[in-house]
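Pasted the sequence and its predicted model underneath.
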Amino acid sequence: MLRLNIPRPQPLRPRRCQLSVPGSSEKMLAKAEALTVDSIILDLEDAVAPNAKELARGQVIKALTEHQWQATSISVRINATDTPWCHEDIIHLVSHAGAQISTLVLAKTNQAADVHFVHLLLDQLEQKLGLQNRIGIEGLIEDVSGLLHIEDIAGASDRLESLIFGLGDYSASQHMRLNAIGSTGDYPPDIWHYPRYKLITTCHAYGLDPIDGPYADFKDLDTLQTEAKNAATLGMFGKWAIHPSQVEHLQRAFAPSPEAVTQARKQQAAFAAALANGQGAIAVDGVMVDAASMRLVQNLLDRAELYGL
Ligand code: COA
Ligand code: MG
């Protein structure tokens, strides 16, 4: 099952911002339809009260099949494998709206077996229904056990497309003392450094997209942008939003700036000319550029291409 650095069969999808929309709220489902965003995640898990799970499932299926979505991809967050809802979430969603689902986002992905369960059930349903699309899986790492098992999880299925750092549940499982989901607490060094770093390195080793969790204080856009910048600098490809006001900030924060794209192209052209002259290292605008710089430049240009920039 371990497929280190092997390209995944799932399509590459932009995930600069993934907006979570409670499946139990008809109003928010309607609002989300017209939003231009890379990814929308219709939620059946923690944004939905236990007594509204079945209602939400029906509303999400209706929204999947009837809405004219403007988002690039639509996913559904399903309940964890240790709840009574997980298997029925998958069976109902895929049976009634499988063709409209890009990925299933699995809450509380704590061990490889959680991913195997979803993978095998999808194998059976896709065969039975003759689905043409192959539904991907995104795993929420949001428990200390998920972080401990993250490498096994990352290699558990070739349906996996991303791992998401779920800050809220994670901070509870680690008994952190915080006021709001995504806040940094009374801890002067960056409280999220280790789990973010671990998740990002694992994702890139296994060819998955590392995605940062949400920032709950949706009126504080300055902190949102700082958090997004920190996450992007470390190598995250995107971040969850919980409110429409956060969307455009995240879409921008995780995209290369036009200046960075121009500079990358300039360095690439200068380096190609240098190689033709037998030079492996040159100065461009006073900065040394070599083969390693070209790998950074290529990463940036690949992202720009994926985002249509
Ligand atoms: N998706 C779609 N629409 C949303 C939305 C979301 N996540 N959050 C808010 N909206 C809508 C509101 O319905 C409202 O619509 P309107 O202009 O038609 O009235 C508008 O955006 C402005 O919302 P606002 O009044 O500022 O917020 P609120 O008090 O209605 O909602 C929350 C605040 C936090 C309850 C809400 O944003 C929410 O439920 N977010 C998602 C939570 C979630 O998914 N959690 C699980 C993942 S961590
Ligand atoms: Mg959670």
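That came in fine, so what should we check first? Ligands and ions are numbered 1, 2, ... in the order given.

Give the helix, strand or coil label for Asn51.
Of the three states, Asn51 takes helix under DSSP: H, G, I helix; E, B strand; the rest coil.

give the contact list for the closest residue in space to Arg16 that isn't next to it in sequence.
Distances taken as C-beta to C-beta, 6 or more residues apart in numbering place Phe254 nearest to Arg16, at 3.8 Å, with adjacent residues excluded. The way it works is simple: take the backbone N, C-alpha and C, and place the C-beta from them, glycine included. Residues near Phe254 by C-beta atoms under 8 Å, 6 or more residues apart in numbering: Arg16, Cys17, Ala228, Ala232, Met236, Phe237, Gly238, Lys239.

how near is Leu121 to Tyr307?
In this view, Leu121 and Tyr307 are 32 Å apart by C-beta to C-beta, to the nearest Å.

err, Gly166, not the other one
Gly166 is 24 Å from Tyr307, by C-beta to C-beta.

Give the buried residues for the helix or strand containing Glu248.
Using DSSP states H and E, Glu248 sits within helix 247-253. Neighbour counts using 16 or more other C-beta atoms under 10 Å place Val247, His249, Leu250, Gln251, Ala253 of helix 247-253 among the buried residues.

quick one: the fourth one and Leu19 touch, right?
The reference is to Gln251. No: in this structure Gln251 lies outside contact range of Leu19 using C-beta atoms under 8 Å: 10.1 Å.

I'd like to know which elements the helix or strand containing Ala292 is packed against.
In this structure, Ala292 sits in helix 291-306 according to DSSP H and E. Applying 3 or more C-beta pairs under 8 Å, 6 or more residues apart in numbering; DSSP states H and E, one finds that helix 291-306 contacts helix 258-276.

Number of residues surrounding Pro258?
Pro258 has 10 neighbouring residues, counting by other C-beta atoms under 10 Å.

same thing with Leu125?
When neighbours are counted by other C-beta under 10 Å, Leu125 registers 17.

Ala216 too?
17.

Please identify the helix or strand for it.
Here Ala216 is assigned to no helix or strand, by DSSP H and E.

Leaving out sequence neighbours, find the closest residue to it.
Ile181 (3.8 Å).

about what we covered before: which one of the contacts of Phe254 is nearest to Gly155?
Gly155 has its nearest neighbour among those in Phe237, at 19.0 Å by C-beta to C-beta.

Got the confidence number for that closest one?
pLDDT, Phe237: 98.

SS state for Val115?
Assignment for Val115 (three-state DSSP): helix.

give the contact list for it.
Counting by C-beta under 8 Å, 6+ apart, Val115 makes contact with Leu106, Thr109, Ile137, Gly139, Ile153, Ala156, Ser157, Leu160.

Among these, name the ones in strands.
Among those, the ones falling in strands (DSSP state E) are Leu106, Ile137, Gly139, Leu160.

tell me which of those is nearest to Tyr187?
Gly139 (26.4 Å).

residues in contact with the closest one?
Val105, Leu106, Thr109, Asp114, Val115, Gly146, Ile153, Leu160, Ser162, Leu163, Ile164.

hmm, who's touching the helix holding Glu248?
Contacts of helix 247-253 (C-beta under 8 Å, 6+ apart): 16-17, 19, 35, 37-38, 221, 224-225, 228-229, 232, 238-239, 241.

at 6 Å what do you get?
Contact with helix 247-253 is made by Arg16, Cys17, Leu19, Val37, Leu221, Leu224, Gln225, Ala228, Lys229, Ala232, Lys239, Ala241, as judged by C-beta atoms under 6 Å, 6 or more residues apart in numbering.

near ligand 1, which of these show up?
Among the contacts of helix 247-253, the ones lying near ligand 1 by C-beta under 6 Å from any ligand atom are Leu19.

Neighbour count for the contacts of helix 247-253 - can I get that in CSV?
Below are the contacts of helix 247-253 laid out as CSV (neighbours: other C-beta atoms under 10 Å):
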residue, neighbour count
Arg16, 25
Cys17, 27
Leu19, 23
Val37, 24
Leu221, 15
Leu224, 24
Gln225, 16
Ala228, 25
Lys229, 12
Ala232, 19
Lys239, 27
Ala241, 28
